[in-house]
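Student: Fold the stuff below for me.
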Amino acid sequence: MAYIEAKDGTQLHVKDMGQGRPVLLIHGWPLTGDMFEYQTLALLEAGFRVITYDRRGFGQSGHPATGYNYDTFADDLASVIEGLDLRDVALVGFSMGGGEIARYLSRHGASRISKAVLVASVAGYLLKDDTNPDGVDASVFEDMKLQIRKDRFAFLQSFAKTFYGVGMISSPVSQGILDWSFILAVMASPKATVDCVDAFGKTDFRPDFKAFTIPTLVIHGTGDKTVPIDPSGRAAAKAIPNAKLIEYEGEPHGLFATAPERLNDDLLAFLR
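Tutor: Purely as a prediction, here's the structure:
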């Protein structure tokens, strides 16, 4: 099944691979489900069924003009889970994808879900305000939107360097991965690219944490300049009952590619 229809008719592009217990991987901004190349291969070789999909507005999914908010994203995730009749499924959300998990559990419950993994996730609350002094200043998100509108392509190339820690860690990714990430990112609708900055930057997921009634693993790099660990990973691990936090010392945001072997090992240990 290549496409599943969301509630509003938007077509969601899905890849469903392998047999065994299902693991659904939810991608980050501004990429596609294909960002999980290293994780997909490791999970398939370990005997899991692996499902990825492109968020509305990204990759090969439909590019509607509206719907770029977390209630809609959570309902889209529900459409994928129900469309494939997934049960006992583990959800792994990277960055923006962690927000989908949080809001999905609030809106749809955990009856079909076995475990949750938040990887460099926005779940928590990124926006700095009186309740969130460790958050990111609103001007950062406004500047991102301004740069995207001015020259989305130059922005994406610059953003990827921070995303993967180029110049910040001793072993950043190859030029090939930077080029590949750019290709995935430019597939997105410019409207979705802009609107999602507000979605991940200004959505408060703290009320959603009470819906996590399943085993939860939180993985986050301490050197993440894109999604700082304090208002996100550490806040989530503190608020979610019995969550386990693994901090990757010095790792940047894109640790699925900067530390793939370690991430794969931690995922497999938890999912097994």
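
Student: Need the per-residue pLDDT for M1.
Tutor: For M1, the pLDDT comes out at 61.

Student: can you pull the buried residues of stretch 155-172?
Tutor: Using 16 or more other C-beta atoms under 10 Å as the test for burial, stretch 155-172 gives F155, L156, Q157, F159, A160, T162, F163, Y164, G165, V166, I169, P172. In this view, the C-beta of every residue, glycine as well, is placed from N, C-alpha and C.

Student: ok, the second one - contacts?
Tutor: Same thing as L156. P30, F182, A185, V186 (C-beta atoms under 8 Å, 6 or more residues apart in numbering).

Student: May I ask which helix or strand encompasses it?
Tutor: Using DSSP states H and E, L156 sits within helix 138-163.

Student: The helix or strand following that helix - contacts with which helices or strands?
Tutor: Of the helices and strands lying after helix 138-163 in sequence (DSSP H and E), the nearest is helix 175-186. Packing partners of helix 175-186 (3 or more C-beta pairs under 8 Å, 6 or more residues apart in numbering; DSSP states H and E): helix 138-163.

Student: check contacts around A65.
Tutor: K191.

Student: backbone phi and psi for it, please?
Tutor: phi -80, psi -20 (degrees, to the nearest 10).

Student: and the gap between it and D8?
Tutor: With distances taken as C-beta to C-beta, to the nearest Å, A65 is found 11 Å from D8.

Student: Then G167?
Tutor: On the measure of C-beta to C-beta, G167 and D8 end up 42 Å apart.

Student: M168 now?
Tutor: 40 Å.

Student: Am I right that F200 is in contact with S95?
Tutor: Yes - F200 is in contact with S95 according to C-beta atoms under 8 Å; the separation is 7.4 Å.

Student: any common contacting residues for those two?
Tutor: Residues touching both F200 and S95 (C-beta under 8 Å, 6+ apart): W29, V122.

Student: out of those two, which sits in the more crowded spot?
Tutor: Taking neighbours as other C-beta atoms under 10 Å, F200 and S95 compare with S95 leading, 28 against 25.

Student: Need the pLDDT of the more buried one.
Tutor: You'll see S95 listed with a pLDDT of 98.

Student: OK, contacts around T193?
Tutor: So T193 contacts W29, P30, G57, I148, R152, A185 (C-beta under 8 Å, 6+ apart).

Student: same thing with G59?
Tutor: With contacts taken as C-beta under 8 Å, 6+ apart, G59 has the following neighbours: H13, L31, T32, G33, D34, L184, M187, A188.

Student: What of A243?
Tutor: F212, T216, L217, V218, A236, A237.

Student: Check which residues of stretch 148-156 are buried.
Tutor: Neighbour-count burial for stretch 148-156 flags I148, R152, F155, L156 (criterion: 16+ other C-beta under 10 Å).
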